[in-house]
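Undergrad: Can you look at this prediction? I've put the sequence above it.
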Amino acid sequence: MKNLFSLFVILFLLNCSSKNSDETIEQEPIIENTYFPSVDSNTWDKVSLSYLNWNENQQQPLLDFLEDKNTKGFIMLYKGKIVIEEYFSNHTSTSNWYWASAGKTLTSTVSGIAQDENLLNVNNKVSDYLGTGWTSVSLIKENLITCKNLLTMTSGLDDSFGDDVSPNNLIYKADAATRWAYHNVYVKLQDIVAKASNTSWKNYFNTKLSDKIGMNGTWINLGSLSIYWSNTRSMARFGLLISNNGKWENTQIISENFIKEATNTSQNINNAYGYLWWLNGKENHLLPNSQTIFNGKLIPNAPLDMYCALGKNDQKIYIVPSKDLVIVRMGESANDSNFALSNFDNELWEKINNLIQ
């Protein structure tokens with residue numbers, strides 16, 4: 001009888017162990033590899049705050065802050081999976097909104113793809129592709145300007161003549177590579193890609209980038225500028241591609257080497273600027289419409305390794321390699337109208353830190 005009782009106890013314990021094992025299997029699996037949403041459908045896997053052990057009590061304060069600051073769309077990705085996706089003010093997951101200067105990073109990326117395909121070389125002078133006379137400066141000075149100068153905002157052209165990038169508005173200010181200034185002349189890279197690829201900018205962009213990762217946006221011409229509009233998920237898709245060093249699942253869309261160059265200091269004047277990407281964690285930085293060197297990080301509350309796309313009136317893509325995060329924000333200006341960086345960045349990162357720490 002004693003042996004029978006012992007056998008019963010053993011079987012009971014084994015059954016409990018089996019149940020516990022089954023319960024473990026039913027939990028969310030450990031995210032080892034980066035997830036990529038389908039290119040052909042709108043499905044996108046999610047991961048819970050509790051699984052990530054984030055502070056769930058801080059989610060609503062973050063969302064309240066975003067709504068109060070005129071946000072339209074907000075997404076947080078962890079290793080590619082959606083942690084938070086929220087829309088405000090009648091904006092939806094299918095609504096399009098402008099990227100403004102955050103879209104500069106699209107131009108940088110497509111220029112890199114064209115270089116990967118040996119259609120251009122960023123070290124070559126712009127006039128190799130557009131011909132001479134694309135500016136109003138002397139031929140000697142014009143021929144100093146390379147594609148890399150356009151990528152790094154070091155063309156030396158006068159930035160005080162507004163958005164128009166016709167030759168009459170492209171005036172000499174300094175030799176190329178000697179002065180950093182935020183200037184819309186970067187859009188000439190789109191003309192360069194079109195010339196080099198013997199197709200239109202929009203067609204090359206769609207074929208080589210947008211279609212391959214499932215973006216839904218469109219380029220809209222405003223004067224001499226072409227502004228990208230898309231839904232918030234398309235912005236997140238692009239951020240995910242860049243965060244994975246230019247690779248989408250098993251396909252290398254743009255070379256890892258170019259991504260590394262683009263997301264690190266690109267010249268010796270503004271440490272916080274790559275190839276149209278902004279970089280955090282540097283000792284000092286310059287800002288649009290200013291030649292003042294500001295000491296300290298670009299966004300003090302953000303992680304040191306964070307880099308970002310920043311657009312007018314607070315369009316944002318934040319990428320944080322150390323935390324496997326991609327964060328996007330679309331909407332109206334949070335406070336006052338701005339070119340790229342604003343106090344909103346630092347305030348938003350305070351809320352994000354409260355959530356993820």
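TA: The structure has been received and is ready for your questions. Residues are numbered from 1 along each chain as shown.
Undergrad: give me the low-pLDDT residue ranges for this protein?
TA: Applying pLDDT under 70 to the chain flags residues 1-30.
Undergrad: Okay, helices next: where are they in the stretch 151-300 of the chain?
TA: Ranges of helices within the stretch 151-300 of the chain are 188-197, 201-205, 211-213, 232-243, 256-262, based on DSSP state H, counting those that start in this stretch.
Undergrad: May I see those arranged in a markdown table, with mean neighbour count and distance to Leu63 as well?
TA: No exception for glycine: its C-beta is placed from N, CA and C like everyone else's. Converted to a markdown table, the helices of the stretch 151-300 of the chain look like this (neighbours: other C-beta atoms under 10 Å; distance: least, C-beta to C-beta, whole Å):
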| stretch | mean neighbour count | distance to Leu63 |
| --- | --- | --- |
| helix 188-197 | 21 | 36 |
| helix 201-205 | 19 | 33 |
| helix 211-213 | 15 | 27 |
| helix 232-243 | 24 | 14 |
| helix 256-262 | 17 | 31 |
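Undergrad: among those, which is nearest Phe294?
TA: Among the helices of the stretch 151-300 of the chain, the nearest to Phe294 by C-beta to C-beta is helix 256-262 (22.3 Å).
Undergrad: Please enumerate residues in contact with the closest one?
TA: If you take C-beta atoms under 8 Å, 6 or more residues apart in numbering as the criterion, helix 256-262 is touched by 105, 108-109, 112, 115-116, 151, 242, 245-247, 274-277.
Undergrad: Rebuild the helices of the stretch 151-300 of the chain as CSV, extending it with distance to Glu67.
TA: CSV is the format used below for those (distance: least, C-beta to C-beta, whole Å):
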stretch, distance to Glu67
helix 188-197, 35
helix 201-205, 33
helix 211-213, 29
helix 232-243, 15
helix 256-262, 33
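Undergrad: May I ask you to confirm that Val83 is in contact with Gln59?
TA: No - using C-beta atoms under 8 Å as the test, Val83 is too far from Gln59 to be in contact (9.4 Å).
Undergrad: Give the full set of residues in contact with His285.
TA: So His285 contacts Asn270, Asn271, Ala272, Tyr273, Ile293, Phe294, Gly296, Lys297, Leu298 (C-beta under 8 Å, 6+ apart).
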